[in-house]
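**Q** give me a model of this one.
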Amino acid sequence: PMSLSLKSNLNVAVLGSGGREHALCWKLKQSPLLGKLYCIPGNAGIAQVAECVSSIAASDVPKVVDFCTANKIDFVVVGPEDPLTKGVVDALEKVGILAFGPTAAGAQLEGSKAFMKDILHKYNVPTATYIRTKSADEAKEYIRKTGAPIVVKASGLCAGKGVSVCQTVEEALAAIDDMMVKKVFADSGDEVVVEEFLDGEEASYFALCDGKTAIPVAGAQDHKCVGDGDTGPNTGGMGAYSPAPVLTPEIEEMIMKQVMIPTVEGMAKEGCPFKGVLFAGLMIKNGKIKTLEHNVRFGDPECQAVMLRLKSDLLKVLIMAAEGRFSELPPLEWDPRTSLVVVMAAEGYPGTYAKDTPIRGLDAAAAQPDAVVFHAGTRRGDDG
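**A** Predicted coordinates:
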């Protein structure tokens, strides 16, 4: 069949409402193939580049499908993980709408840490030694045998909260009690992964996958502590930069050969070909890499740093990924300059913080050369 990338005036919908989706919409808007751009549900910043459908939640799969059918959407780009694990790509495929992102089966790489660890192990992707178990006693036995420091993870989705790095055996045993006995993460902690603690320098790497192979996107590094100088509690990310100096060309080649391509080829052999973004969390020490985790969507805020540097037509690239046509795609083009994201958060974040505080100076910031303001969780006040 003819590729969508050879048509024009395409109706495109992006799912999500964060800074990541704003960056994706901002970049998609520049595509010569684009007709109309929608974002479900979007935010106040995204409203400047796309029509926001604020009445539908990104994870409400039936409503998303109905909207896309009614509005003759040609292509859907899924931002967050929740709709992916709920099977939004499968549901859209059923009604003949092409979507970028993995099926529910592919999204298990993020939705189940146990599934991910087994895939890495089976296809010889370097990672920490581990056990997966549904038995608190077995987990505790492994902890006593292995010693500390050790890492305890709830297998299911916990919005990034289900990982405990334990410095003592007692702390690790308490983490097992919290997850498996007290059920602090509900059924996400029915099964746990207990694994060796890795140290080194952490980095993230994006690859785009078309079900058969993977192509490198770009490296980025984020910083998670809320305070200056890496102090204070962990957040979802206070900023990011791309490229990341720790990712030398040699390391990038190792990541593609040892992590990304074996994962995608492994998933194809398992009968659930992976299309979408593979976002690997890696630990690098003495020129060796180990895989901490796979996510199945663009990381945020790293995505914002990467989109600023991409010169190729994002819409065309994502369509070719969804169609399994990377063999026909020329190499991606990048701006050699460094991009830097600074996150401005409400005072008190990541704890409880005042909601609905005004953000001023947006127009002045946007007028700066080479500066772009991306929004996450913003809305226009009644006074504009």
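**Q** quick one, grab the pLDDT at C225.
**A** According to the prediction, C225 has pLDDT 89.
**Q** what about the nearest residue to V78 once chain neighbours are set aside, how many residues nearby?
**A** Using C-beta to C-beta, 6 or more residues apart in numbering and skipping residues adjacent in sequence, the residue nearest V78 is G101, 3.7 Å away. C-beta here means a position set from N, CA and C on the backbone, and glycine is covered the same way. A count of nearby residues for G101, using other C-beta atoms under 10 Å, gives 26.
**Q** and G101, what does it touch?
**A** By C-beta atoms under 8 Å, 6 or more residues apart in numbering, G101 lies in contact with 77-78, 84, 88-89, 107, 275-277, 296-297.
**Q** what do you get for L109?
**A** Counting by C-beta under 8 Å, 6+ apart, L109 has contacts 102, 115-116, 119, 263, 267, 274, 278, 294-296.
**Q** could you do G45 as well?
**A** G45 touches 22, 373-375, 378, counting by C-beta under 8 Å, 6+ apart.
**Q** at 10 Å what do you get?
**A** 17, 19, 21-22, 25-26, 52, 359, 362, 366, 372-380 (C-beta atoms under 10 Å, 6 or more residues apart in numbering).
**Q** just to check, A214 is in contact with T263?
**A** Yes. With contacts counted by C-beta atoms under 10 Å, A214 reaches T263, the gap being 7.6 Å.
**Q** which neighbours do the two share?
**A** Common contacts of A214 and T263, defined by C-beta under 10 Å, 6+ apart, comprise 207, 274, 278.
**Q** which of these has the most neighbours?
**A** Going by other C-beta under 10 Å, F274 tops the shared contacts of A214 and T263 with 28 neighbours.
**Q** confidence score at that one?
**A** In this model, F274 is scored at 98, pLDDT.
**Q** what does it show for phi and psi?
**A** phi -100, psi 120 (degrees, to the nearest 10).
**Q** could you pull out the helices for this structure?
**A** All helices of the chain, identified by DSSP state H, fall at 19-28, 61-70, 81-85, 88-94, 108-111, 113-122, 136-146, 169-176, 249-254, 261-269, 302-309, 314-322, 362-366.
**Q** excluding its backbone neighbours, what's nearest Y123?
**A** Leaving aside its sequence neighbours, Y123 sits nearest to G266 (C-beta to C-beta, 6+ apart; 3.5 Å).
**Q** list the contacts for that neighbour?
**A** Shown in contact with G266 (C-beta under 10 Å, 6+ apart): 119-120, 122-125, 272, 274.
**Q** do E195 as well
**A** By C-beta under 10 Å, 6+ apart, the contact list for E195 reads 113, 117, 127-132, 142, 146, 150-153, 292.
**Q** try 7 Å this time
**A** 128-130, 151 (C-beta atoms under 7 Å, 6 or more residues apart in numbering).
**Q** is it possible to get JSON lines of those residues that adds distance to G219?
**A** Putting the contacts of E195 into JSON lines (distance: C-beta to C-beta, whole Å) gives the following:
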{"residue": "A128", "distance to G219": "21"}
{"residue": "T129", "distance to G219": "26"}
{"residue": "Y130", "distance to G219": "25"}
{"residue": "V151", "distance to G219": "23"}
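**Q** among those residues, which two are most distant?
**A** T129 and V151 (10.9 Å; C-beta to C-beta).
**Q** so for the two, which sits in the more crowded spot?
**A** Legend: neighbour count by other C-beta under 10 Å for T129 and V151, higher for V151 (20 against 11).
**Q** how near is the more buried one to E196?
**A** 7 Å (C-beta to C-beta, to the nearest Å).
**Q** burial measure for P369, as a count.
**A** That count, for P369 with other C-beta under 10 Å as the rule, works out to 4.
**Q** per-residue pLDDT, it?
**A** So, for P369, pLDDT stands at 92.
**Q** can you check D222 too?
**A** Reported pLDDT at D222 in the predicted model: 88.
**Q** isn't it up against E302?
**A** Yes. Counting by C-beta atoms under 7 Å, D222 touches E302, with 5.4 Å between them.
**Q** got any residues that touch both of those two?
**A** Contacts common to D222 and E302, judged by C-beta under 7 Å, 6+ apart, are 204, 240.
**Q** looking at these two, which is more packed in?
**A** Using other C-beta under 10 Å as the criterion, D222 and E302 rank with E302 on top: 28 against 23.
**Q** for the more buried one, what are its contacts?
**A** Contacts of E302 by C-beta under 7 Å, 6+ apart are 204, 220, 222, 240.
**Q** just among the residues you listed, which is most surrounded?
**A** A220 (27 neighbours).
**Q** that one pairs with what?
**A** For A220, the beta-bridge partners are S204 (DSSP bridges).
**Q** ok, now which ones touch it?
**A** Contacts for A220 (C-beta under 7 Å, 6+ apart) come out as 204, 240-242, 244, 302, 305-306.
**Q** 10 Å instead, please
**A** Shown in contact with A220 (C-beta under 10 Å, 6+ apart): 203-206, 240-244, 247, 279, 298-299, 301-306, 309, 339, 341.
**Q** that one and A244: what is the separation?
**A** For A220, the distance to A244 equals 6 Å [C-beta to C-beta].
**Q** overlap in contacts of those two?
**A** Residues touching both A220 and A244 (C-beta under 10 Å, 6+ apart) are 203-205, 302, 305.
**Q** any buried residues in stretch 269-285, and which?
**A** 270, 272-280, 282-284 (16 or more other C-beta atoms under 10 Å).
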